[in-house]
Structure formats: structure tokens, C-alpha cells
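Novice: Fold the following.
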Amino acid sequence: MRRFRFYRAIAFVLAALVLVSVAYPVTVFATSVRLQDDFYTAVNDQWLRSTSIPADLPSVSGFQELAQSVYAQIRADFDRMDRSDMDCSLGQFLDYCDMASDYTTRNAQAAQPLMAYIERILALESLADLDAQLTEWVLDCMPLPFSIHVSPDMGFAARHALYVSDPGLILPDVTYYNTPVGQELLATFAETGQALLELAGISNSAQILADALAFDALLVPYVESAEVSGNYTQMYNPMDMDAFVAFGGVFDFEHLFQALLHQRPTEVVVMNPKYFAAFGEIVTEANFPKLQHWMLVNAVFHLASYLDQSFLQTASNYQRTLTGIAADPEPSDLAFLLATNIFGGVVGDYYGQIYFGEDARRDVTDMTNVLIETFKQRLMRNDWLSTETIESAIAKLDTLEVNIGYPDQVDPMYDKFQFLAHEDGGTLLDNTMTFAKVARAENFARYSEPVNRRAWNMTAHTVNAQYNPVTHAITFPAALLQAPFYCSDQSVSQNYGGIGAVIAHEITHAFDWNGAQFDASGSLGNWWTETDTAAFELKTKAMIELFDGLPHGNGFLCGRMTVTENTADAGGIGCALEALRSLPEADLVAFFCNWATIWRNVATSSYEDLLLTLDVHAPGKIRANMQLGNLDEFYETFDVTEEDEMYIPESARVVIW
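Specialist: From the prediction side, this is the model:
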């Protein structure tokens, strides 16, 4: 949950599994809750009353249950796999998994694997000393007061660009800092950090933590909230190379960029100009002790996951406080998750090839084509856009890339991983950092390469879906394409209420407030008339107002932060419903029930509060119920009237796409 973006390098390999929610269709309403008052609860009542949150989880959802079943499935496969006949990458995954699971050795090593990283940070004597090592520091994934990576250029999607940003904060969002909860979290962070430093044999832990917190406080005024950073265009600020390097102060950014990219970029995309304008006032020799200790604390926090159980248990204290988790996961589960995150592409390829059939791919592809055509017909009937803008929208729809199941090939990056066994001096931490260094070098190497629109940003064993506005691609991994989202044994109405609505949701993202600012090539560009832009702003404002301030848990929903997902939900369910209604076997009850069940979840109070601050999605109950209230067919199917709580006045209902 911590957004320390200086470790984004590791994230290229250690991408965390994203868990959303799933369920099974319910068509019998054995509940005291009237569906006309709360459809979500009426459909999910039995599940909600019988489901408890395990001590080692912050929430339980249907998506999560499905993801856990996928992990149990592949874990059982790997446990009984014959290693004598397998490719190198899969073999290295299993070797790494064995090493992660070997807590006897990890406990015996204690802090020893960490010491080289600690000593490297403590050996620094000045900013000039750090600058002299800056290229190696970046490639070795060491913490820094800035983040840097290569991604497709939002302004010209056919090429890559160099992006720089602030390093992130200790607390999950800048809005936490002036709240009592935020102060409690900082105290827990300090307590946890001191304990970790003491485990590493560092005596002056209190002063180190005080310095780290002081440096974090210097960053706070210049870091944007999740609400602001959710607007892509505000994060895209190309700057001339000469202008940007002037921000570096002691740091020679020009030398760094040339060393990493093997050429001099003409411009840099600055994701947070406010931060870099103040960079020279924050990263100074006077602040060097604070910076050094900030780097030390963050390194220890992030690398604790690859050390012994004392480090694991201590580091999780902050996470437990943040999310409301009562206990740590089983050590064997943590080890397997570490390994699958490191080798995500390899594991996903195995899962896709073994468990995803071509019949399912064809069927889901056919459904996707139907939904794209339905969306196109809805555009052609649109009554608030000009013909010019509608034609541009259809042209964009015609260039949409569709990824279903799993990629055609595994990323060749994994072939460059070189696992080092215990007997050869390898440790879990060193292997992890070596793999992360390979991934970071691969990322910078992309700068000179054209963008591959078919490249996947998700693994095939992930229970989720995605729209990427720059590659203009929608992705549906194999793990998602099973019941209740999609199954050949389900009715077509259930499938449209599940995967159909999800597919159309991702299509609609191309036309939400963020996606609509990208053209058919995936580049930022205005393809709207001025009049149409004004009309779209009004409709988006109406969607914001519909959700803004809705109570949930201990807080209230931010309509602006969640507007893109709410827009996609509205377009997704509306498009899927229209496609279904053209079929003779359409069953709207089954459709609406499966829509409501896929969002069911329960969560700890702390985790709900966290999601209200960070998550661009509305909570499951709200996103399920509110979108139904926008649809005339829902009122007709279930005889909902203005006397019922599900009723939304016609003047307040929002239909954009």
C-alpha cells in the first residue's frame, strides 16, 4: 500500500496481484432486504451474512476467492511437477520458489543478506558522492529522491518517453498527513522502522527514523493527491532536456539520462513539475543526513520481505495497521506469492496454455466483437454529439486492440534471469535484486524501440481486466474468463451480466474523461469539437455529482476521483444490456443478478477507509446499485417506483455512452 515510487524498478518484476471481486449468480431472493431498496444486498444477502474476513486478509470478495482458487490450482501443479523436462525460465521460477520457502536458511541468514545494501547507503558522505554513483544506483534499484522509468509517450504513442516523478510518501496519500489517522500511522511506521533497524544491528535507530520522517515531511507540500494524479493529462508535462537538467542541482541528470538510455533525450516527461521546481531546495547538502536516513529506512522496509521471519513479521506491523489485518499470511503462502510475482509472465504463460482453451478464446472474442459493434451503434444514435465527433469516435473504436487469454509469447526478459543457488553463494534478496536490475535495464532499453501495442501489462493468471489508453488496447486474462464472469455452462444472460459488462466497461474507458483525451493512435489529441467538449463536461459533471458524497464506512465517496470508473461502469452495463436484449433468450433478471453479484465484498474498516482515499473505483455496493438506477430496464424488470430506495429521479439519472 505504501507508494514509495523509488522502488518502481522492482515493481516491473514484483507487480502485486490485483484482486477485485467475483460471485455466483443468484436468482432466488431469500432475504429480508427488498431488492427495490437495495438490490446488491438482496442478491448477495446470504453470502454477505455467511462470509467472514480471515485474520490475514483486509477483505474478501468474489474476485479474490477466484484468484485464490487459481493460485491453489497452479501451486498444486508446481508442487508435483517433474523438473527434468521444463524450460529454463520455469525451472528458475521453481528454484526461486524453493529458496523463498526455505525459512530454515532464511532464518539462519537473518540480516546478513541486507548488510551490503545498508553499508552502501551509510558509506555515502555527500550528495556529490551519491551523484558519482547515480547510474549504478538507479540500475541497482536503490532508493532515490526521484523516480524514473520509460513508458509509451502519451503525446506520441508510437514511441517511448522518459518519465520522471517524485518518489512518493510514507503515508498512502498526501491527504492523510493532516488527520489523526495519519499521525497514528506515522507513529506506527516509526515504531516499525526502529524495530527493523535494530534487527539489522543499527543502534541509532531513533535518530534515523526522526530524520527519515523529517525528509518525508519536506516532500509533502509538493506531492499530489490520488484525486489529482488520477487525471492523466495533469501528469503529462513534457519538458525540454536543457530546462529539466537545471532542476538537478548537484545531481547531473544529463549524464544520468545518457548513461541509462545510451543517447541524449531531447525532452523528459515530468509527472510532477511542482516537485522538481522545488527539488533544489529539498535535496541539499544541509538535508543530506535526512535524505541518507530516509533512503536507509525505505530500503530496509522494502527489502524485509526477502529476509528472515523476524523481519517479515516486524515489517508487516505497519501494513496490518494500515489495512486492519489481524495476522500475517502463512509463510508458505508468502513465499509462493513472492515467486509468482517475480516470474509473473512465466507463470501466466503456463496457466494460459494449460487452463485456457481456444473454444473459450473464440467465444469471448465473438462476444467482444458484438459489444464493439453495439457500442458503435450506440455512438451512431448519440443525440448530444456532432456528426464530426461521432465519426472520430467510431474511427477510434475501429483501431481498438483486443488481448484475450494470454500473450503469444513470454517476455524474453526472463531468459536473462540468472538464478544463483545457496551453494553458489546466492540468497533470496540478492537473486531478487539481480532480477530487478535485469528488468530495470530492459525498461530503459525500450527507449530506442517502437511501442508494441500488443504487449501485455497483466499476467494471464490475474483475475482482472484492463484498458491502456496509450496502446489503445483492452486485455482480458485467462484467469478472469471463467465462472461467474464467463462459462459455457452459464446462460448467455449470465455471461453478458458478467464478462459482457466487464468487456464493455473496458471499451468505455476509451471514452471516459481520461480516455477521451487520447486519439485513435493512442496519443493525446483533441478530436472533439468545442461544443461537444462542453456537452461532455456537463455529462461528466453530472456523473461526479451522482456519486459524490455518498456515505460508505467511516467516510464519503469522492465523485471526482471515481468518475472515470463510474463512467465505464455505466457504459459497460448499458452496452452489455443492449447487446443481450437483441437475443431471443435474453433474461434480464439473470443479467442484473450476475451484475450485482460480481461486485460483492466485505472489508475491514481500515481497508475501507484506505480505499476511499486511494481507489478510483466506487465500493462494490455503490457501483452495483447506482448504475442500475440509471437504467430504465431495471425499473421495468423489478417494478421499482419512486417509493423505493433504489429509485433515482429521472432528472438525476446519468447516461453518457
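Novice: Would you indicate which residues of the strand or helix carrying residue 148 are buried?
Specialist: Assigned by DSSP states H and E, residue 148 belongs to strand 147-152. Buried positions in strand 147-152, judged by neighbour count with 16 or more other CB atoms under 10 Å: 147-150, 152. Where C-beta positions appear, they are placed from N, C-alpha and C, glycine not excepted.
Novice: How about stretch 582-589?
Specialist: 586-588.
Novice: If we only consider the residues you listed, which is nearest to residue 176?
Specialist: Distance to residue 176 across those (CB to CB) is lowest for residue 588, with 42.9 Å.
Novice: And the closest one, what's its pLDDT?
Specialist: Here the pLDDT value assigned to residue 588 is 98.
Novice: my read: it touches residue 635, true?
Specialist: No - using CB atoms under 8 Å, residue 588 is not in contact with residue 635, being 11.3 Å away.
Novice: Report the separation between residue 606 and residue 324.
Specialist: Distance, residue 606 to residue 324, by CB to CB, to the nearest Å: 3 Å.
Novice: Overlap in contacts, those two.
Specialist: Residues touching both residue 606 and residue 324 (CB atoms under 8 Å, 6 or more residues apart in numbering) are residue 58.
Novice: Any idea how far stretch 320-336 is from the middle of the chain?
Specialist: Distance of stretch 320-336 from the chain centroid (CA atoms, centre = their mean, to the nearest Å) equals 19 Å.
Novice: Show me what counts as buried in it.
Specialist: Buried residues in stretch 320-336 (16+ other CB under 10 Å): 320-325, 328-329, 334-336.
Novice: any idea of the mean pLDDT in the host helix or strand of residue 627?
Specialist: Per DSSP H and E, residue 627 falls inside helix 620-628. Average pLDDT, helix 620-628: 97.
Novice: helices and strands around the helix or strand following that helix, which ones?
Specialist: Going down the chain from helix 620-628, the next helix or strand is helix 632-638, by DSSP H and E. Contacting helix 632-638 under the criterion 3 or more CB pairs under 8 Å, 6 or more residues apart in numbering; DSSP states H and E are the following elements: helix 588-597.
Novice: Compute the number of surrounding residues for residue 557.
Specialist: 22 (other CB atoms under 10 Å).
Novice: Now do the same for the residue lying closest to it once chain neighbours are set aside: its pLDDT.
Specialist: Spatial nearest neighbour of residue 557, chain neighbours left out: residue 550 (4.5 Å); criterion: CB to CB, 6 or more residues apart in numbering. Model confidence at residue 550, given as pLDDT, is 97.
Novice: and what of residue 487?
Specialist: Confidence score, pLDDT, at residue 487: 89.
Novice: residues in contact with it?
Specialist: Residues near residue 487 by CB under 8 Å, 6+ apart: 494-495.
Novice: Verify the assumption that it is located in a strand.
Specialist: No - secondary structure of residue 487 (DSSP: H, G, I helix; E, B strand; the rest coil): coil, not part of a strand.
Novice: if I look at it, how far off is residue 32?
Specialist: Applying CB to CB, the value for residue 487 to residue 32 is 30 Å.
Novice: From the contact counts, what lies against the strand holding residue 148?
Specialist: Contact here means 3+ CB pairs under 8 Å, 6+ apart; on that basis strand 147-152 packs against helix 8-11, strand 160-165, helix 428-445.
Novice: Below-threshold pLDDT in the chain: ranges please.
Specialist: The chain contains residues with pLDDT under 70 at 1-30.
Novice: Residue 557 is in contact with residue 545, correct?
Specialist: No - look at residue 545 against residue 557 with CB under 8 Å: they stay out of range, at 11.6 Å.
Novice: Next, the contact list for the nearest residue to residue 569 once chain neighbours are set aside, please.
Specialist: Using CB to CB, 6+ apart and skipping residues adjacent in sequence, the residue nearest residue 569 is residue 627, 5.0 Å away. Shown in contact with residue 627 (CB under 8 Å, 6+ apart): 566, 569-570, 573, 595.
Novice: now swap in residue 563 and tell me
Specialist: If you count contacts by CB under 8 Å, 6+ apart, residue 563 has them with 512-513, 540, 543-544, 547.
Novice: From these, pick the one nearest residue 199.
Specialist: Of all the contacts of residue 563, residue 547 has the smallest distance to residue 199: 44.7 Å, by CB to CB.
Novice: burial count for the residue lying closest to that closest one once chain neighbours are set aside?
Specialist: Nearest residue to residue 547, sequence neighbours excluded (CB to CB, 6+ apart): residue 559, at 4.2 Å. By other CB under 10 Å, the residues close to residue 559 number 19.
Novice: for residue 559, what are its contacts?
Specialist: Counting by CB under 8 Å, 6+ apart, residue 559 has contacts 543-549, 566.
Novice: Of these, which is the most crowded?
Specialist: Going by other CB under 10 Å, residue 566 tops those with 28 neighbours.
Novice: Distance-wise, check the closest residue to residue 157 other than its chain neighbours relative to residue 400.
Specialist: If the residues on either side of it in the chain are set aside, residue 157 comes closest to residue 522, at 3.4 Å by CB to CB, 6+ apart. Separation of residue 522 from residue 400 (CB to CB) stands at 10 Å.
Novice: So between the two, which is more surrounded?
Specialist: More neighbours surround residue 522 than the other of residue 522 and residue 400, with 25 against 17 (other CB under 10 Å).
Novice: Got phi/psi on that one?
Specialist: phi 90, psi 10 (degrees, to the nearest 10).
Novice: Return the residues in contact with it.
Specialist: 152, 157, 453, 469-472.
Novice: Quick check: the farthest pair among those?
Specialist: The widest separation within the contacts of residue 522 (CB to CB) is 11.7 Å, between 453 and 469.
Novice: So these two - more neighbours on which side?
Specialist: Each of residue 453 and residue 469 has its neighbours counted (other CB under 10 Å); residue 469 has more, 22 against 18.
Novice: Would you mind giving both backbone torsions of that one?
Specialist: phi -70, psi -30.
Novice: Against residue 519, how distant is it?
Specialist: Residue 469 is 10 Å from residue 519, by CB to CB.
Novice: Keeping just the C-alphas, turn the helix holding residue 627 into CSV.
Specialist: Coordinates of each C-alpha in helix 620-628 appear next as CSV, following Å, rounded to 0.1, in the frame of the first residue of the first chain:
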residue,chain,number,x,y,z
GLY,A,620,-18.8,-2.7,-4.7
LYS,A,621,-22.2,-2.0,-3.2
ILE,A,622,-22.3,1.5,-4.6
ARG,A,623,-21.1,0.7,-8.0
ALA,A,624,-23.6,-2.2,-8.3
ASN,A,625,-26.7,-0.3,-7.1
MET,A,626,-26.1,3.2,-8.5
GLN,A,627,-25.6,2.0,-12.1
LEU,A,628,-28.8,0.0,-12.0
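Novice: okay, now the closest residue in space to residue 434 that isn't next to it in sequence: neighbour count?
Specialist: Once flanking residues are discounted, residue 434 sits nearest to residue 418: 7.0 Å by CB to CB, 6+ apart. Residues lying near residue 418 (other CB under 10 Å) number 12.
Novice: How about the contacts made by the residue nearest to residue 557?
Specialist: So residue 550 contacts 556-557, 618, 622, 626 (CB under 8 Å, 6+ apart).
Novice: Which one of the residues you listed sits in the busiest neighbourhood?
Specialist: residue 618 leads the contacts of residue 550 on contacts (other CB under 10 Å) with 27 neighbours.
Novice: quick one: that one from residue 253, how far?
Specialist: For residue 618, the distance to residue 253 - CB to CB - is 40 Å.
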